[in-house]
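*Asks:* quick one: sequence and predicted model below, then my questions.
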Number of protein chains: 2
Amino acid sequence: MRAAGRVSISDVAADAGVSISTVSAALNDVGSARISPRTRDRIREVAGRLGYVPNGLAQGLRRQRSGMVGFIGDEVATTPYAVGMILGAQETLRAAGILMVLMNSQGDPALEAREIEALRQQRVEGILYASMYHRRLEPPAALRDMATVLLDAESRVPEVSWVVPDEVAGARAAVGELLAHGHRRIGFLNNDEDIPAARLRLRGFRAAMKQAGVAVDPALVGGAPPTTSGGYDAARRMLQRADRPTALFCFSDLMAMGVYQAARELGLDVPADVSIVGYDNMPHVADGLLPGLTTVELPHYEMGAWAAGQLLALISAEPGQARHVRLRGQLVRRGSVAVPRPIGG
Amino acid sequence: MRAAGRVSISDVAADAGVSISTVSAALNDVGSARISPRTRDRIREVAGRLGYVPNGLAQGLRRQRSGMVGFIGDEVATTPYAVGMILGAQETLRAAGILMVLMNSQGDPALEAREIEALRQQRVEGILYASMYHRRLEPPAALRDMATVLLDAESRVPEVSWVVPDEVAGARAAVGELLAHGHRRIGFLNNDEDIPAARLRLRGFRAAMKQAGVAVDPALVGGAPPTTSGGYDAARRMLQRADRPTALFCFSDLMAMGVYQAARELGLDVPADVSIVGYDNMPHVADGLLPGLTTVELPHYEMGAWAAGQLLALISAEPGQARHVRLRGQLVRRGSVAVPRPIGG
DNA sequence: GTGAAAGCGCTAACAG
DNA sequence: CTGTTAGCGCTTTCAC
């Protein structure tokens, strides 16, 4: 009872009065072997009645394909929002009949090496290597000979495929929304860390402003730690200026959350006095704020799905050129953007 | 190159000049077979040099143990905060050398059945069946003959083990914190859904008040949807009363977030005018609010770890009495609780 | 101390 | 149309 799937192919064969190869052929719909419809149906019936479930380990051993891939995350647990990647990957793999083994390296290279070893031992057919935030990295050496796709990370070596968010497009969409509402004095509260997302979103900000023919006031572009209090502090400074911006684009929803606080303390209404756009579309943050935060979504699910699809392609088709993709996230409109009201008006 | 682990035990045997059984015995430290230290070391050296990784599928087939368990979640993706459960389970399993296959049923029973079938086929040794929130359920029939542990769910049938948060203790801790600061007029903003968490936290609230000899004013106990705006609306009503509470215990951090907003709009300072305790310790919400929210943590990680441990026990020891556990979450103190100030004083 | 042989459950030629 | 055979890579008695 405890041991599931006790019945084997030979039990089915015995009960159906045929050989095991016939059972195998019948159940796998092998084209070459012409099984009579009658026997085939009988075998199917017996298999169903006995509750036969083929042994995947034996199949894998014989076919030299385990039917599994590994998912290695560095600190997925500390960035709960990235679960969309896991979900996207899992659903894509499921559709292909592939199981996903989940591992967590906690950013510890030694542990990661052991995990890769364990996955290799189980003969996973490929690896999804996920980063908790968009960055550039060198895939671990142990992955050199495995089909690998990087998720939310760019590779330093070109031979490996990866997918990341399109940060420039995201920032453009955010700033575009503000411009479309008539804002001209638009500030940007960036993350002060030197990471791709910060550099690229700044580029998107500048590009959008330039395209609209609006000059960027350097005083309105600032960096801060990407936290609520980082956003709060920076916003207090920026919103107390005489020539304060009418709108603020924030690197993250968390920073935007701090901006809400600061604005409220300064007697400024969101969005009547100051419009805000965030980034990330963090569940329970962006939609939990009052008013709801207009923000740019990170395409976690889509990235996971794309990476899994690319991995499947890598596994089946032998060579396969590496592919590098930047996926767009939607602008999610809520209530934090309005038409500007003349300052002091 | 693509196919990892190409070298097999016979390659190692050939290179070392011994039989494959000797290699197996040497590598697995079989006690019964006395291998000379010299040959053993040589075998080890060769295995290392050749990069031999035993084939887990073959081992599993032979040993009748796959070394894998399945994790089925209903909607993990929509409750990002529950990833702690996954992490806790994975780390416990890893320590035991067991891999975890992740599945997502999206709450669709048909899909779930197919996933269980796939796991059964791969001969997983047990199943972790996780719910996205604390509730009571009937484990799927397909799990009847498998080692199963329910995570964040109570079972309607007694034979299956489960672990849930200790809601009563959590609520008591929350209210105790308020009482310890001298609050007497304490309100409770509960979830208005009929779920175990709501019933049990209310019980904990009452128990704590009773133990402190403080009467519960029914007017200060209210239910609302467990969202930010639910908390906002309820708090506006409650905080506008002449005899408003000096402290509010909220069913969730999300509701507490709404309470912050309402309090601020009413010109009430947190925590000077009104103290607040939440529940969940949601990352980026509880610690993102200003001031930081004092709240009761949900022991996601611990529940995952416990469930995995119990599953391992079930797998190794045959019979194994089912166990049912309620795990306590810590009270996390931040800045939302202060000594009450006399109303109108 | 070590090796030969059997077999875990399955698939894929190849015979018939 | 169906059965026989030969492994996939490993562990485990049991001989020697």
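*Replies:* All right, it came through fine.

*Asks:* can we go C-alpha only for contacts and neighbour counts from here?
*Replies:* OK.

*Asks:* ok, which stretches of the stretch 201-345 of chain A are strands?
*Replies:* Chain-ordered strands for the stretch 201-345 of chain A, with DSSP state E, counting those that start in this stretch as the definition, fall at A:221-224, A:247-250, A:275-280, A:294-297, A:324-327, A:331-332.

*Asks:* show me how far the second one is from its chain's centre.
*Replies:* Its chain's average C-alpha position is 25 Å from that of strand A:247-250, according to C-alpha atoms, centre = their mean, to the nearest Å.

*Asks:* in it, which residues are buried?
*Replies:* The neighbour-count check on strand A:247-250 (16 or more other C-alpha atoms under 10 Å in any protein chain shown) flags A:247-250 as buried.

*Asks:* in this structure residue A:336 contacts residue A:293, no?
*Replies:* Yes - if you go by C-alpha atoms under 8 Å, residue A:336 and residue A:293 touch, sitting 5.2 Å apart.

*Asks:* higher neighbour count, the two?
*Replies:* Between residue A:336 and residue A:293, counted using other C-alpha atoms under 10 Å in any protein chain shown, the more crowded position is residue A:293 (30 against 23).

*Asks:* so who does the more buried one touch?
*Replies:* Residues counted as contacts of residue A:293 (C-alpha atoms under 8 Å, 6 or more residues apart in numbering or on different chains) are A:253, A:276-278, A:286-287, A:333-336.

*Asks:* up against DNA strand C, what does chain A have?
*Replies:* Contacts of chain A with DNA strand C, taken as C-alpha under 7 Å from any atom of the strand, map to A:6, A:8-10, A:20-21, A:24-25, A:28, A:33, A:53-56, A:58-59, A:61-63.

*Asks:* tell me the domain ranges of chain A?
*Replies:* In the assignment given by automatic domain parsing, the structural domains of chain A cover A:9-54, A:68-165+A:300-328, A:167-297.

*Asks:* and the last one, how far from the chain's centre?
*Replies:* Its chain's C-alpha centre lies 23 Å from the corresponding centre of domain A:167-297 when counted by C-alpha atoms, centre = their mean.

*Asks:* cool, and the second one?
*Replies:* Relative to its parent chain, domain A:68-165+A:300-328 has a centroid offset of 10 Å by C-alpha atoms, centre = their mean.

*Asks:* is it positioned near DNA strand D?
*Replies:* No - among the residues of domain A:68-165+A:300-328, none lie within reach of DNA strand D under C-alpha under 7 Å from any atom of the strand; the closest is 8.4 Å away.

*Asks:* which stretches of chain A form helices?
*Replies:* Secondary structure of chain A (DSSP state H): helices at A:9-16, A:20-28, A:37-50, A:56-63, A:83-95, A:109-121, A:167-180, A:196-211, A:228-239, A:253-265, A:300-316.

*Asks:* okay, and for the stretch 51-200 of chain A, where does confidence drop off?
*Replies:* Applying pLDDT under 70 to the stretch 51-200 of chain A picks out residues A:76-79.

*Asks:* what residues does it have near chain B?
*Replies:* Taking C-alpha under 8 Å from any C-alpha of the partner chain as the criterion, the stretch 51-200 of chain A approaches chain B at residues A:53-58, A:60-61, A:66, A:77, A:80-84, A:87, A:90-91, A:99-104, A:117, A:120-123, A:125, A:145-147.

*Asks:* what's the distance between the residue positioned nearest the centre of chain A and DNA strand D?
*Replies:* By C-alpha atoms, centre = their mean, the mean C-alpha position of chain A lies nearest to residue A:300, the distance being 2.7 Å. Shown here: residue A:300 relative to DNA strand D, a distance of 37 Å by C-alpha to the nearest atom of the strand, to the nearest Å.

*Asks:* residue contacts, that residue?
*Replies:* Counting by C-alpha under 8 Å, 6+ apart, residue A:300 makes contact with A:82-85, A:88.

*Asks:* most neighbours, which of the residues you listed?
*Replies:* Busiest of those [other C-alpha under 10 Å] is residue A:82, holding 27 neighbours.

*Asks:* point out the most buried one among the helices of chain A.
*Replies:* Among the helices of chain A, ranked by average contacts under mean count of other C-alpha atoms under 10 Å in any protein chain shown, first place goes to helix A:253-265 (a mean of 25).

*Asks:* out of the buried residues of strand A:247-250, flag the one nearest to DNA strand C.
*Replies:* Ranked by distance to DNA strand C (C-alpha to the nearest atom of the strand), the buried residues of strand A:247-250 are led by residue A:250 at 54.4 Å.

*Asks:* surely that closest one is in contact with residue A:198?
*Replies:* No - the criterion here is C-alpha under 8 Å, and residue A:250 misses it with residue A:198 at 10.6 Å.

*Asks:* what touches both of those two?
*Replies:* For the pair residue A:250 and residue A:198, residues contacting each of them under the criterion C-alpha under 8 Å, 6+ apart are residue A:190.

*Asks:* reformat the strands of the stretch 201-345 of chain A as CSV; add mean pLDDT.
*Replies:* Conversion of the strands of the stretch 201-345 of chain A to CSV gives the following (pLDDT from 0 to 100):
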stretch, mean pLDDT
strand A:221-224, 97
strand A:247-250, 98
strand A:275-280, 97
strand A:294-297, 98
strand A:324-327, 98
strand A:331-332, 98
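
*Asks:* adding distance to residue B:137, write these out as JSON lines.
*Replies:* Written out in JSON lines, the entries for the strands of the stretch 201-345 of chain A read as follows (distance: least, C-alpha to C-alpha, whole Å):
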{"stretch": "strand A:221-224", "distance to residue B:137": "46"}
{"stretch": "strand A:247-250", "distance to residue B:137": "43"}
{"stretch": "strand A:275-280", "distance to residue B:137": "34"}
{"stretch": "strand A:294-297", "distance to residue B:137": "34"}
{"stretch": "strand A:324-327", "distance to residue B:137": "39"}
{"stretch": "strand A:331-332", "distance to residue B:137": "35"}
